[in-house]
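# For reference, the sequence and a predicted model appear below.
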Amino acid sequence: MPVPATPLRDTLSENTKDAMRAKDSVRVSTLRLVNAAVKDRDIAARAEDRCEGISDAEILSILAKMVKQRQESAKTYDDNGRPELAERERTEIEIVREFMPQPLSEAELKDAIAKIVEDSGATCLKDMGKIMAQLKTDFAGRVDMGKAGAVVKSHLCSS
């Protein structure tokens, strides 16, 4: 049974084809890695009886993870005197980021967290997981969850 198309899935597929036509090898290989990661997650979803595959929010989560991995790799390459490999990682980051929504600014993140805290009635650090889960759902791919955790913690401790 084929996985139904989603807007992000269609965009990735079309961009892969365009890169192949343009013979842009770096872009083709990067987009193939993205598509492979999406397919792997689709297979895992089928094992959980989600035959429709993964959603765009889950694809955004994959993209965010890929960006983070490449940032860590680029730093490692820089630290070990391999600037050409670090540059390749940064090029791949730019390609992957094209498919991600604009990240929230610091002010937008604080406003979003304040609203989620207010709506949920969270009062202490025990509620942090609930806030983080809501943030991840509402702003998939737009929030660095590491930074968000620190903001949520400071917000809950100050209120």
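That came in fine, so what should we check first? Numbering: from 1, shown residues only.

# can we go C-alpha only for contacts and neighbour counts from here?
Will do.

# Alpha carbons only: can I get the host helix or strand of E87 in PDB?
According to DSSP states H and E, E87 maps onto helix 83-97. Taking Å, rounded to 0.1, in the frame of the first residue of the first chain, the C-alpha atoms of helix 83-97 are listed here in PDB:
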ATOM      1  CA  PRO A  83      37.800  22.400   6.800                       C
ATOM      2  CA  GLU A  84      36.700  20.900   3.400                       C
ATOM      3  CA  LEU A  85      34.600  18.300   5.200                       C
ATOM      4  CA  ALA A  86      33.200  20.900   7.600                       C
ATOM      5  CA  GLU A  87      32.200  23.000   4.600                       C
ATOM      6  CA  ARG A  88      30.400  20.000   3.000                       C
ATOM      7  CA  GLU A  89      28.400  19.500   6.200                       C
ATOM      8  CA  ARG A  90      27.500  23.200   6.200                       C
ATOM      9  CA  THR A  91      26.300  23.000   2.600                       C
ATOM     10  CA  GLU A  92      24.100  20.000   3.500                       C
ATOM     11  CA  ILE A  93      22.700  22.000   6.500                       C
ATOM     12  CA  GLU A  94      21.700  24.800   4.100                       C
ATOM     13  CA  ILE A  95      20.000  22.300   1.800                       C
ATOM     14  CA  VAL A  96      18.100  20.600   4.600                       C
ATOM     15  CA  ARG A  97      17.000  24.000   6.100                       C
END
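
# what pLDDT, on average, does it get?
Mean pLDDT, helix 83-97: 96.

# tell me the domain boundaries of the chain?
The chain breaks down into these domains under automatic domain parsing: 7-97, 106-158.

# any idea which of these scores lowest on pLDDT?
domain 106-158 (a mean of 85).

# Run the chain-centre distance for it.
17 Å (C-alpha atoms, centre = their mean, to the nearest Å).
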